[in-house]
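Engineer: Task: produce atomic coordinates for the following.
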Amino acid sequence: MTRHRPGRAGRIRRSSEFRAVFESGLANTSGPLRLHAMKSTHDRSRLGLAVSRRVGNAVRRNRIKRLLRVAFRMACDGWNPPLDVVIVVLPHDPKSLDDYSEHIEKAARNSFASGALR
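Structural biologist: I've put the predicted structure just below:
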């Protein structure tokens with residue numbers, strides 16, 4: 001079985017890219033996630049994660065990041081146009097994959113509903 005991994009092209013890595021998404025002015029909060037988004041200049045949606053130490057120790061933060069990456073890949077397939085998304089994680093107890101998927105979809109739906117991403 002082949003695993004699909006977006007690799008470097010599917011991630012926001014540079015501080016200038018993070019800054020551009022933050023300065024786009026479009027943000028929605030759903031549960032413990034604050035989603036910042038802007039239209040992508042690339043051919044697919046990209047993800048950046050901001051998880052501070054206040055969320056927990058390294059084990060907890062890495063588990064949350066793993067789950068968020070999977071939830072993002074599941075949610076972003078239907079997004080047109082592709083988006084650059086930065087998810088800021090607020091302190092909380094880790095949730096299930098379904099919960100994170102629901103929060104990402106809800107925040108993205110609110111972004112699309114506002115009309116700013118069309």
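Engineer: show me where the protein has helices.
Structural biologist: Ranges of helices in the chain, per DSSP state H, are 15-23, 58-75, 97-113.
Engineer: mean pLDDT lowest for which of those helices?
Structural biologist: Of all the helices of the chain, the segment with the smallest mean pLDDT is helix 97-113, scoring a mean of 86.
Engineer: Can you list the helices and strands that it packs against?
Structural biologist: Using 3 or more C-beta pairs under 8 Å, 6 or more residues apart in numbering; DSSP states H and E as the contact test, the elements touching helix 97-113 are strand 27-30, strand 33-39, helix 58-75, strand 83-89. C-beta here means a position set from N, CA and C on the backbone, and glycine is covered the same way.
Engineer: which of the ones you listed is buried the deepest?
Structural biologist: The highest mean neighbour count among the helices and strands packed on helix 97-113, using mean count of other C-beta atoms under 10 Å, belongs to strand 83-89: a mean of 22.
Engineer: now the angle between helix 15-23 and that strand, please.
Structural biologist: Here strand 83-89 runs at an angle of 90 degrees relative to helix 15-23 (axes from the mean of the first three to the mean of the last three C-alpha atoms, to 10 degrees).
Engineer: what does strand 83-89 contact?
Structural biologist: 12, 17-18, 20-22, 32-42, 45-52, 55, 64, 68, 72, 76, 104, 108, 111, 117 (C-beta atoms under 8 Å, 6 or more residues apart in numbering).
Engineer: Show me just the buried residues among these.
Structural biologist: Of all the contacts of strand 83-89 considered here, the ones buried according to neighbour count by 16 or more other C-beta atoms under 10 Å are 12, 17-18, 20-22, 32-38, 40, 45-49, 51, 55, 64, 68, 72, 76, 104, 108, 111, 117.
Engineer: hang on, the earlier thing: out of the helices and strands packed on helix 97-113, nearest to residue 95?
Structural biologist: The minimum distance between residue 95 and the helices and strands packed on helix 97-113 falls on helix 58-75, with 7.7 Å, by C-beta to C-beta.
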